[in-house]
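Colleague: Quick one: sequence and predicted model below, then my questions.
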Amino acid sequence: MSDQTVPLYQKRIPIHPRSVKGRFRTLKTGILTLAYLVYFLLPWLRWDRPNAPNQAVLYDLPGRHFYIFGLTVQVQDIFWLAGVLIIFAILLFFVTGLAGRVWCGYFCFQTLWTDLYMMIEHWVQGERPARLRLSKGPWSREKLIKVSATYAIWLLVAFWTGLTFTMYWVDAPTLVVDFLLGRAPSSAYFTTLFLTTTTFVMAGLAREQVCVYMCPYARFQSAMFDHDTLIISYDRQRGEGSKGRARLGKGLKTREERQAQGVGDCIDCGYCVQVCPVGIDIRNGLQYQCISCALCIDACDVVMDNQKWPRGLVSYTSENALNGKKTTLLKPKTLGYGVILTTATAVLIWSIATRSPYTAMVEQIRQPLYTQLSDGSIRNVYEVKLNNKLTAPMTVGIRIEGLAGATLDMDGMERIALEPQERIKLLARVRIPPPRVKEGDAHEKRDDVHEKDDLEHAKVTFVVEALAGATAKPIRRNVPFYVPDHD
Amino acid sequence: MSDNTLNTKQKTGVVQTTGHSWDGDLQEYTNPLPRWWLWCFYGTVVFSILYWFIYPSWPVGKGWLKGYGTVDYTITDKATGGTVEKKDQHWNTRALLLEHLSEAANDPKRKEMLAKVQAATPEQIAKDPQLMEFVRSVGKGLFGDNCAACHGQGGQGVVGLYPNLTDNDWLWGGSTDKIQETITLGRKGFMPAFGAVLKPDQLDDVAEYVLTLSNEAKPSEAADRGKAIFQGQVGGCYYCHGADGKGLASMGSANLTDKIWAIVDVPAQKTLQDKKAQIASFVAKGVNNTRIMPTWQNRLSPTDIKLLAVYVHQLSGGK
């Protein structure tokens, strides 16, 4: 390859981050522990649900129900999922505009699992120099044992991650037993295998490359940055002074000595670079690879504490603050996101809180549109679809109104007991007495007999109400009522 | 992937050309195909050869190569649950559909419901919301396959040709038992032709009388003359239609007193004259071998017939 060509593929440069202790590391470990506790233990939580599965969180796809603690989400309520996704998206925009890539640094599962994998690596192979030696050295007995031990533990974590994901879709205790006995459905094996593989590859092998090359969020989050956004930054003025950074050395031991010589506070120890999980040097300024994990802040704080110099050479700050300007947090953009976020959350909560315990749909059977009966009365037929959304039985009553003289015949099913979560379609016949054809003005009007001309756009209202087992507003459905149009 | 590079300078001569040139300097590169593309292409070649062996592929003469792949499926008799047909044939989507239908997860449920329909009486079925939902769903298919060709998709029939099954007027009885009997044995409607027996003005009088039965015409002298023919030995209409004109289900004779006209489309006629003319011409011709309901006992299982009877009964609301 000559110098005329530019490679499009860059081989991954292995990163072996050094461990660090500090405020942000503690915060990150706390969030990691909490997230893992929730993720791995939630499927095992039971929830007493008569007539339905007893798993607290269960996404029952074959049964078409999502069980989330006390909430049962039916297929027709799936738009709530859209609401949740919108809220998460806006929340991401909102937080990113204010505080930068908080999601990436603390909450993203890529970060969490990579963090755990690095902890395992550290535990088996030792600190950064030991890992560097091992990775650069030739294959030896020690290297073989340590590397395979690391991979084995990684694989175990990946497998349990995959299996736990599968547990959210079927009864967890049954799944684990069936899975190990080879009786689980093939989809369970496929899902687990898929998640195991992706976890292992993403958290063990690809790591920061996922954030740098694969993740769309990483890229579009930078579009939400402005000069007031919190970023992790190196205080160049303080660190570099007028002559740049320098290591501690003769005549450069104390701050006073260094300032007298025009040298900044950065002692160029490289700790901030060594702890970085994405392998960048924060002193080069804001970079798209930076996931804002704040470990370099912890690293620099440790060094500054050692020197008994003030902290904050690397810190959370904003571009405006760095340039000596004021940081404003209440901007139209953040306010806008805030308003949308609050509205979306309120709408979702309102929609969930006022959900009906049952649904009712009425559709006209249009073949035939109407039937004339032997006494001349007109009948329309409808299909009433009922769905009990509760996990308890209920009784529902159906009546009609809004069409004078009309009678409803449902073969005795006007009052029907519904099993828990039952869906049923019933037939409803609505009949009106023979309508009169107008014969001039000279005839008496009667309330229960229709003039034929008045029936052109007639409608009838079905009222479906819960009579027992639930309290809710009656559901009203307006449907057309057709009459013959030939005279 | 290290060869996956971009030539920043593509000088003529560095890349091979086809040697052709147009307009003096227009040339064509012969870059090798990307290797991944080439391997994908070879892959499709191998795939297609395997495909020919497994699935139907090439036309040969009047037939085609059927391939070695097969689909096994069995058809079970819905009434008895026993295996009627076991088929094993070359791969095709129709057989695949039948295979899926016979093994689908909801098939046991369907079998269970059919067994319930088989065990229950029509009255019991009518009271069970789940069974009625099942009957409406399966019945719609059975009706569409077997009955809709004449009676229409919704059972509304065709006036003059096929009875309307959605109204509450039944020629042969509207109870589930009677409907079941009708489907099982079939029916043959008959009315003698009176064209040779009655004179045209007598036919007219009878027509007038018939119209008074359902209040389509007002009482008149002609109607009185018609009544004498209808109720007397000259016409003898009352043998079948009854003295009150309400018809007899045992004869399949029409009820002439209600608003429903199965054969003569009276409501569609604008004037009394037209209505009378239509009835008179029908009475003259009668019905002979034109209104026949075939028997279905050799084509449908007893369970299917019961299910259809309940379905048809609920179409009309019954009587």
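Modeller: Yes, it's here.
Colleague: can you count the residues close to the residue in chain A positioned nearest to chain B?
Modeller: For chain A, the residue closest to chain B is A:Q367, as judged by CB to the nearest CB, at 3.1 Å. No exception for glycine: its C-beta is placed from N, CA and C like everyone else's. Using other CB atoms under 10 Å in any protein chain shown, the number of residues around A:Q367 comes to 13.
Colleague: now swap in B:K218 and tell me
Modeller: Residues near B:K218, counting by other CB under 10 Å: 10.
Colleague: which residues sit in contact with it?
Modeller: Going by CB atoms under 8 Å, 6 or more residues apart in numbering or on different chains, B:K218 touches B:T212.
Colleague: Mind pulling up the pLDDT for it?
Modeller: pLDDT, B:K218: 90.
Colleague: which stretch of helix or strand covers it?
Modeller: B:K218 belongs to no helix or strand when assigned by DSSP states H and E.
Colleague: My reading is that the residue of chain A closest to chain B lies in a helix. Confirm?
Modeller: No. According to DSSP: H, G, I helix; E, B strand; the rest coil, A:Q367 belongs to no helix; its state is coil.
Colleague: ok, now how distant is the nearest residue to it once chain neighbours are set aside from B:M132?
Modeller: In space, and not counting its chain neighbours, A:Q367 is closest to B:G154: 3.1 Å by CB to CB, 6 or more residues apart in numbering or on different chains. In this view, B:G154 and B:M132 are 17 Å apart by CB to CB, to the nearest Å.
Colleague: And the residue of the stretch 201-319 of chain B closest to chain A?
Modeller: Using CB to the nearest CB, the closest approach of the stretch 201-319 of chain B to chain A is made by B:D258 at 3.5 Å.
Colleague: ok, now chain B?
Modeller: For chain B, CB to the nearest CB, closest residue to chain A: B:G154, 3.1 Å.
Colleague: Spell out which parts of the stretch 351-487 of chain A neighbour chain B.
Modeller: Within reach of chain B by CB under 8 Å from any CB of the partner chain, the stretch 351-487 of chain A has these residues: A:365-368, A:371-376, A:379, A:381, A:409, A:411-413, A:416, A:424-427, A:429, A:434, A:484, A:486.
Colleague: hey, where'd the helices end up in the stretch 51-200 of chain B?
Modeller: Here the stretch 51-200 of chain B has its helices, by DSSP state H, counting those that start in this stretch, at B:93-103, B:107-119, B:122-127, B:129-146, B:148-151, B:176-185, B:200-213.
Colleague: what comes up buried for the shortest one?
Modeller: Buried positions in helix B:148-151, judged by neighbour count with 16 or more other CB atoms under 10 Å in any protein chain shown: B:H151.
Colleague: what does that helix rub up against?
Modeller: Residues outside helix B:148-151 that contact it (CB under 8 Å, 6+ apart): B:F143, B:G155, B:G157, B:V158, B:L161, B:Y162, B:P163, B:N164, B:L165.
Colleague: what's the answer for stretch A:237-249, then?
Modeller: Residues outside stretch A:237-249 that contact it (CB under 8 Å, 6+ apart) are A:252, A:258-259, A:261-269, A:283, A:313.
Colleague: got those residues as JSON lines, with pLDDT columns?
Modeller: Listed next are the contacts of stretch A:237-249 as JSON lines, based on pLDDT from 0 to 100:
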{"residue": "A:L252", "pLDDT": "87"}
{"residue": "A:R258", "pLDDT": "90"}
{"residue": "A:Q259", "pLDDT": "89"}
{"residue": "A:Q261", "pLDDT": "89"}
{"residue": "A:G262", "pLDDT": "89"}
{"residue": "A:V263", "pLDDT": "91"}
{"residue": "A:G264", "pLDDT": "91"}
{"residue": "A:D265", "pLDDT": "92"}
{"residue": "A:C266", "pLDDT": "94"}
{"residue": "A:I267", "pLDDT": "93"}
{"residue": "A:D268", "pLDDT": "92"}
{"residue": "A:C269", "pLDDT": "93"}
{"residue": "A:R283", "pLDDT": "94"}
{"residue": "A:L313", "pLDDT": "94"}
